[in-house]
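Trainee: Model the following, please.
(one chain, ligands or ions: 1)
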Amino acid sequence: MLQEEEMVKELRETVARILRVPYYQKRLGELGITQAEDIQSLKDFQRLPLTSKEDLRLNYPFGLMAEPVDNLVRVHASSGTTGKPTVVGYTRKDVQLWAEIVANGLRLAGVTSKDVVQVAYGYGLFTGGMGLHYGCEELGALVVPISGGNTQRQLMLMKDFGTTVLACTPSYALYLAESLEETGISRDELRLRIGIFGAEPWTEGMREEIESRLGIKAIDIYGLSEIMGPGVAIECEGQHGLHIDPHFYPEVLDENGSPLPEGKKGELVFTTLEKEGFPVLRYRTKDLTTLRYGKCEHCGHEGWTMDRVSARVDDMLIIRGVNVFPSQVEEGILAVGGLEPHYLLVVERVGTLDQLEVWVEVNTASFLDEVRELENLQERVKRSIEDIIGISVRVRLVEPKSIPRSEGKAKRVIDKRKG
Ligand code: DLL
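Mentor: Numbering: from 1, shown residues only. Here you go, the predicted structure:
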């Protein structure tokens with residue numbers, strides 16, 4: 001492991017930088033921390049306050065920048081569920097660093113300067129498109145900056161340009177796979193070999209589905225705008241967890257905010273190192289995962305590796321007192337054949353009781369089956385989901401293609417109990 005001393009030195013530099021920001025100055029001052037030198041050990045660091053999305057909102061739009069706005073060259077923002085977005089700013093050095101981080105990550109994933117990368121993440125305030133774009137350019141790959149949507153055009157260019165790498169959300173990858181099958185373009189006409197998929201939770205079952213339908217290796221890429229954007233962590237070709245880039249210091253905390261040891265699941269928290277415009281101290285991602293430290297046998301990466309993010313704290317549904325994550329339902333659906341991985345969770349309160357209904361699409365072959373067989377399928381999915389989540393659910397099998405497809409992050413829950 002990195003010498004604690006060395007790590008503390010780097011963290012201290014971040015503390016020095018964030019102390020330029022009046023808001024942090026005040027919060028740290030309340031704890032008696034007025035200078036970076038007050039941090040002498042990891043224990044000291046762990047006593048520092050956590051930062052949340054709420055802090056960003058309170059300081060909207062530029063209040064948490066550690067550089068004058070004049071020194072920023074780019075902003076991105078993530079749409080909040082309530083009103084104003086959260087804004088992040090980058091200096092010239094930050095955008096260069098980000099490009100290098102993404103390029104390194106792509107290299108670990110097996111992408112080279114010879115690849116043709118179709119970037120089908122959205123371009124704009126969302127960090128997905130531009131984050132991947134500059135990373136690919138830094139690597140020397142050929143970028144096709146098509147952005148999200150316009151599915152038929154995506155397929156045409158994928159074939160005509162000989163795209164070898166597809167970068168988009170896993171749900172959009174699945175939609176593209178489905179559209180390819182419909183359009184009648186066969187996999188042999190394409191040169192696709194790698195997918196760089198992230199920006200939303202997805203399961204191993206979904207990975208297998210995408211890999212087999214597109215005939216590619218599907219790599220999980222993670223990131224969030226508050227920390228930088230895509231590339232905070234990425235799988236290497238070995239696909240055994242996501243390697244965290246050394247410019248980000250991770251912690252996993254329990255519900256009380258206390259650090260958990262390696263291998264224990266909790267909320268992922270990041271501190272940025274070396275970031276200028278918008279350095280962040282102990283930012284609560286609300287993502288649930290586990291951490292381990294070590295050397296990857298496959299690619300030699302030495303440092304922190306995290307498990308795939310199975311869910312966000314925010315996505316957790318409490319149904320009749322039981323915690324349920326959409327990814328658990330996805331796992332249950334994919335364990336049963338004859339279905340499409342397109343689903344929706346509909347939660348309602350009937351009288352005083354919460355009810356979860358899962359809508360799942362049957363595939364075209366099953367759709368033509370006899371009613372009895374469909375009932376049997378329905379029963380099997382129901383049992384498969386119930387085995388995982390531990391409460392009873394209703395399953396509604398729906399026609400192929402009746403659940404809306406997503407071109408970006410999928411929306412999988414309709415909670416009618418709210419509002
Ligand atoms: O989604 C950045 C990104 C773009 C990552 C493209 C990967 C690829 P935000 O819009 O700020 O940024 O959303 C961040 O998305 O806290 C997670 O909850 C979720 N997320 C991102 N990547 C993954 C992943 C981008 N690989 C939020 N697995 C994060 C699971 C992910 N969840």
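Trainee: what is the rounded mean pLDDT of stretch 45-65?
Mentor: Mean per-residue pLDDT for stretch 45-65: 96.
Trainee: Surely residue 37 is within a helix?
Mentor: Yes - counting by DSSP: H, G, I helix; E, B strand; the rest coil, residue 37 is part of a helix.
Trainee: Does the nearest residue to it once chain neighbours are set aside belong to a helix, a strand or coil?
Mentor: Closest residue to residue 37 apart from its sequence neighbours, by C-beta to C-beta, 6 or more residues apart in numbering: residue 12 at 7.3 Å. No exception for glycine: its C-beta is placed from N, CA and C like everyone else's. Under three-state DSSP, residue 12 falls in the helix class.
Trainee: Helix or strand with the lowest mean pLDDT in the protein?
Mentor: helix 364-367 (a mean of 85; mean pLDDT, DSSP states H and E).
Trainee: on contacts alone, who are the packing partners of it?
Mentor: Here helix 364-367 touches helix 371-389, going by 3 or more C-beta pairs under 8 Å, 6 or more residues apart in numbering; DSSP states H and E.
Trainee: Just the buried residues of the helix it packs on, please?
Mentor: 374, 377-378, 380-382, 384-385, 388-389 (16 or more other C-beta atoms under 10 Å).
Trainee: Against residue 200, how distant is the residue of the stretch 1-150 of the chain at minimum distance from the ligand?
Mentor: Relative to the ligand, the nearest point of the stretch 1-150 of the chain is residue 128 (3.5 Å; C-beta to the nearest ligand atom). Separation of residue 128 from residue 200 (C-beta to C-beta, to the nearest Å): 10 Å.
Trainee: who's more crowded, the two?
Mentor: residue 128 (28 against 20; other C-beta atoms under 10 Å).
Trainee: which stretches of the stretch 301-419 of the chain have low pLDDT?
Mentor: Where the stretch 301-419 of the chain drops to pLDDT under 70, the residues are 419.
Trainee: then stretch 68-77 to CSV, C-alphas only?
Mentor: Provided in CSV are the C-alpha atoms of stretch 68-77 (Å, rounded to 0.1, in the frame of the first residue of the first chain):
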residue,chain,number,x,y,z
PRO,A,68,-11.4,32.6,-10.2
VAL,A,69,-14.0,31.9,-12.9
ASP,A,70,-11.6,33.6,-15.4
ASN,A,71,-9.2,30.7,-15.0
LEU,A,72,-11.9,28.1,-15.8
VAL,A,73,-12.2,26.9,-19.4
ARG,A,74,-15.2,24.6,-19.2
VAL,A,75,-18.2,23.8,-17.1
HIS,A,76,-20.3,20.7,-16.9
ALA,A,77,-23.5,20.2,-14.9
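Trainee: Contact partners for the residue in the stretch 251-400 of the chain that the ligand sits nearest to?
Mentor: Residue nearest to the ligand within the stretch 251-400 of the chain: residue 309 (3.7 Å; C-beta to the nearest ligand atom). With C-beta atoms under 8 Å, 6 or more residues apart in numbering as the criterion, the residues that contact residue 309 are 201, 222, 268, 287-289.
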